[in-house]
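Got a predicted model here, sequence first, then my questions.
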Amino acid sequence: MKRLLFLALTALLFGLFVLAMWQDTHREWTHEQHRFLKTLEPHERRGLSGGIKQVIISELHRVDRCTTCHLAIDRPQLALAEQPFTAHPGKFLEWHPVEQFGCTVCHGGQGLATDVAAAHGDVPDWEEPLLRGPLVQASCRQCHGNLETIEAFAPQLVKGRRLFLAKGCYGCHAIKDFGQMVSQDLTEVGSKSYQLIEADFEMMAPPHDRIRWFMRKLKNPRMLNPGVRPEQLPPGEEEVYPSAMPNFGLSDDEIQALSVYLLSLTVSNPPASYVTPAHPEPTPIFTSLIEQGKAVFEKNGCAACHGIEGRGGRRNWNAGLRGEVPPLVSVKAYYGNEVESLKSLIRYGRQPIPRADPTRPRPSLYMPAWKGRISEEELDALVAYLFSLSEHLEPPPASPAPIVENAPPLKEN
Ligand code: HEC
Ligand code: HEC
Ligand code: HEC
Ligand code: HEC
Ligand code: HEC
């Protein structure tokens, strides 16, 4: 009896062993490699062989096996083969040799994996999906200090950064040590853990990743944060206002560019030999104090709350008479003779903002303090610009996109 059991177990073990061997030689990649290698002429095959390929880049703490399938990635003469056997587009691998850079530092994905879905990061709980097409540009910022110098190869990234400035995102968000903290610091939002985004993911159709999350947020911030209206609540509980982030009415292309830029906001510190440091941007030359003040207004994101050229229109529930951040076109009329109190208001901000209706929650937006962020010299220029705004009342708004406020209005006063 014992002997029979022993024999059965041995047979089982042998069976498992054979199965393991079979699986090992019949992995997806071996099959693909053989198929590809067979199609090549002998001279083309020179230097190419089967088996797992890997690049170990200890300085970047990476082991990439992508070339197991992307076998001919650095062989432009094979560019006509089909994926995964094409050659890499452009000169990227000449500038960033495979032995020194690997692939995942630019493309994300899972370096060690050897089946397609896992390598491309299409598996649950892997938070670095493969970056394809223009999304790859999100990687360049970790090493290239001056993005303008690589603009031709990373146009979406550079465009996204310009939009971030132009739309006034810095008025509410900080990146490193620039910008306000009215809302989240975005320094590392490009690697924000999926766990922290879970609540938002639950409101989105899959697949769930950061890029789709950014796009959704930028398309309409209130979609993911619609607030809780008083009539949805038992009596006595406080309503929650929808997202205080404005809907900027962005085009799809602008949304993509901004999302690539947001995705690039990560803190990775590649060793110095991998980094081309930023040289300081040239100081702009202004022809007038007003022009200088305009630049101060724009770079600090005042328009995010006060509207383009201070024309107002930005929702701030339960604030003031109209439930909006005040426009700045009448600053001269109010503060023309009180420049010092205007400066002091800008230096120290104003918080909290009084409620128009005392039974409802506080307005979400307040006037932040700018002391230490705006120098005294810049402040003089800013005041000159604010005083000039009343002259701009006519003609009506020209170019910039209108502010879209398309969420249903809450109970207004
Ligand atoms: C097991 C084989 C295999 C491995 C390993 C693999 N790939 Fe792929 N890759 C493929 C195949 C097959 C395609 C074509 C189908 C597709 O686009 O998903 C492809 C396509 C791609 C594309 C092009 C997508 C497009 O839009 O044209 C990129 C980029 C890419 N892989 C990068 C990587 C990176 C980076 C790694 C390493 C982390 C990797 N791959 C590892 C098989 C593989
Ligand atoms: C310096 C960053 C960088 C590195 C390193 C890099 N790539 Fe790319 N890769 C890019 C860019 C940029 C594109 C172009 C995307 C676009 O515009 O379509 C691209 C495109 C691709 C494509 C798509 C080709 C096509 O025809 O659409 C594949 C496949 C690919 N890379 C694979 C790899 C593999 C495999 C490695 C590692 C051997 C690698 N890349 C290393 C930046 C990089
Ligand atoms: C891991 C760091 C790293 C990443 C990521 C990276 N690069 Fe580079 N890149 C370098 C280094 C280092 C050089 C060589 C710089 C030199 O020779 O001065 C370089 C060179 C270049 C060059 C050639 C510049 C020249 O000397 O003319 C271009 C263009 C370029 N990179 C574009 C890109 C783009 C576009 C991306 C994103 C898709 C990217 N790089 C991602 C580190 C990186
Ligand atoms: C008037 C203030 C304001 C401005 C201006 C603003 N945001 Fe926001 N943003 C918020 C608030 C408040 C949140 C918090 C989540 C919510 O309510 O939607 C937020 C959340 C975010 C998040 C999610 C951050 C996280 O970690 O959860 C991103 C990304 C973001 N904003 C990007 C932008 C971009 C890009 C711009 C410029 C186009 C911008 N924001 C302009 C107020 C603002
Ligand atoms: C996060 C939103 C936000 C940003 C960014 C912001 N402000 Fe304000 N600001 C407010 C709010 C809200 C008020 C209304 C304060 C009150 O009710 O007393 C205000 C009030 C003001 C006032 C007084 C207006 C009046 O009619 O009394 C001035 C002037 C002003 N801001 C200038 C600026 C300047 C200049 C910047 C950029 C450096 C700026 N603000 C950025 C929200 C903002």
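Now that the structure is in, tell me what you want to look at. Ligands and ions are numbered 1, 2, ... in the order given.

which stretches of the chain have low pLDDT?
Low-confidence segments of the chain, defined by pLDDT under 70: 1, 15-28, 392-413.

For the residue most central in space within it, what is the enclosing helix or strand?
With distances taken as CA atoms, centre = their mean, Leu262 lies nearest the centre of the chain, 1.4 Å away. Per DSSP states H and E, Leu262 falls inside helix 252-263.

Can you show me the helices along the stretch 201-350 of the chain?
210-219, 221-224, 252-263, 289-299, 302-306, 331-335, 339-348 (DSSP state H, counting those that start in this stretch).

just checking, Val116 touches Thr68?
No. The criterion here is CB atoms under 8 Å, and Val116 misses it with Thr68 at 10.7 Å. Yep, even glycine has a C-beta here, placed from its N, CA and C like the rest.

Spell out which parts of the stretch 251-400 of the chain neighbour ligand 5.
297, 300-302, 304-306, 316, 320, 325-326, 328, 331, 334, 345-346, 350, 353, 365-368, 370, 382 (CB under 6 Å from any ligand atom).

still on that earlier bit, which ones are touching the closest residue to the residue nearest to the centre of the chain other than its chain neighbours?
Closest residue to Leu262 in three dimensions, ignoring its sequence neighbours and counting by CB to CB, 6 or more residues apart in numbering: Phe214, at 4.8 Å. By CB atoms under 8 Å, 6 or more residues apart in numbering, the contact set of Phe214 is 258-259, 262-263.

Grab the two from those residues that are most spread out in space.
Leu258 and Leu263 (9.6 Å; CB to CB).

burial measure for Ser390, as a count.
Counted with other CB atoms under 10 Å, residues neighbouring Ser390 total 15.

Can you pull the residues of the stretch 1-150 of the chain lying near ligand 1?
Residues of the stretch 1-150 of the chain lying near ligand 1 (CB under 6 Å from any ligand atom): 28-29, 64-66, 68-70, 83-84, 103-104, 107, 109-111, 114-116, 119-120, 130, 132.

Take these and keep only those in strands.
Cross-referencing these against strands under DSSP state E gives Asp64.

Can you tell me which of the residues of the stretch 1-150 of the chain next to ligand 1 are buried?
29, 64-66, 68-70, 84, 103-104, 107, 109-111, 114, 119-120, 130 (16 or more other CB atoms under 10 Å).

Near ligand 4, which residues of the stretch 1-150 of the chain are found?
So the stretch 1-150 of the chain never meets ligand 4 (CB under 6 Å from any ligand atom).

And the residue of the stretch 1-150 of the chain that's closest to ligand 4?
Ala138 (13.3 Å; CB to the nearest ligand atom).

So Ile374 sits against Val296, correct?
Yes. Counting by CB under 8 Å, Ile374 touches Val296, with 6.3 Å between them.

Spit out the residues that contact those two alike.
Leu382.

which non-adjacent residue is nearest the residue in the stretch 101-250 of the chain that ligand 5 sits nearest to?
Nearest residue of the stretch 101-250 of the chain to ligand 5, counting by CB to the nearest ligand atom: Gly171, 3.1 Å away. Computed as CB to CB, 6+ apart, the closest residue to Gly171 that is not its neighbour in sequence is Gly301, at 2.8 Å.

For burial, what's the neighbour tally of that neighbour?
By other CB under 10 Å, neighbour count at Gly301 equals 24.

What's the separation between it and Pro89?
Going from Gly301 to Pro89 by CB to CB, to the nearest Å gives 37 Å.

How many residues are close by the residue lying closest to Leu328 once chain neighbours are set aside?
Closest residue in space to Leu328, ignoring its immediate chain neighbours: Gly310 at 3.2 Å, by CB to CB, 6+ apart. Gly310 has 22 neighbouring residues, counting by other CB under 10 Å.

Now do Gly310 against ligand 3, distance only.
Plainly put, Gly310 is 37 Å away from ligand 3 if you go by CB to the nearest ligand atom, to the nearest Å.

between the contacts of Phe214, which is closest to ligand 3?
Nearest to ligand 3 among those, counting by CB to the nearest ligand atom, is Leu263 at 11.9 Å.

contacting residues around that closest one?
Residues near Leu263 by CB under 8 Å, 6+ apart: 135, 138, 190, 210-211, 214.

Can you narrow those down to the ones near ligand 2?
Applying CB under 6 Å from any ligand atom to these, one finds that nothing falls near ligand 2.

residues touching the residue nearest to Leu328, list them.
297, 302-303, 327-329, 331, 386, 389.

Let's see if you can find the most crowded of those residues.
Cys302 leads those on contacts (other CB under 10 Å) with 25 neighbours.

doesn't Tyr170 make contact with that one?
No. At 9.5 Å, Cys302 and Tyr170 do not qualify as touching, with contact defined as CB under 8 Å.

Could you list the residues of the chain in contact with ligand 2?
66-67, 70, 73, 86, 88-89, 92, 96, 98, 101, 103, 105-107, 133-134, 136.

Return the subset of the residues you listed lying in helices.
92, 98, 101, 105-107 (DSSP state H).

Among these, name the buried ones.
Buried, going by 16+ other CB under 10 Å: 98, 101, 105-107, out of these.

What is the nearest of the residues you listed to Asn269?
For those, the nearest to Asn269 is Val105 (12.6 Å; CB to CB).

which residue packs closest to that closest one, ignoring adjacent ones?
When the adjacent residues along the chain are set aside, Val105 lies closest to Leu60, with 5.7 Å between them (CB to CB, 6+ apart).

Which parts of the chain are strands?
Taking DSSP E as the test, the strands found in the chain are 55-57, 62-64, 174-175, 178-179.

need those in CSV with distance to Thr39, can you?
Output for the strands of the chain, formatted as CSV (distance: least, CB to CB, whole Å):
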stretch, distance to Thr39
strand 55-57, 24
strand 62-64, 25
strand 174-175, 48
strand 178-179, 53
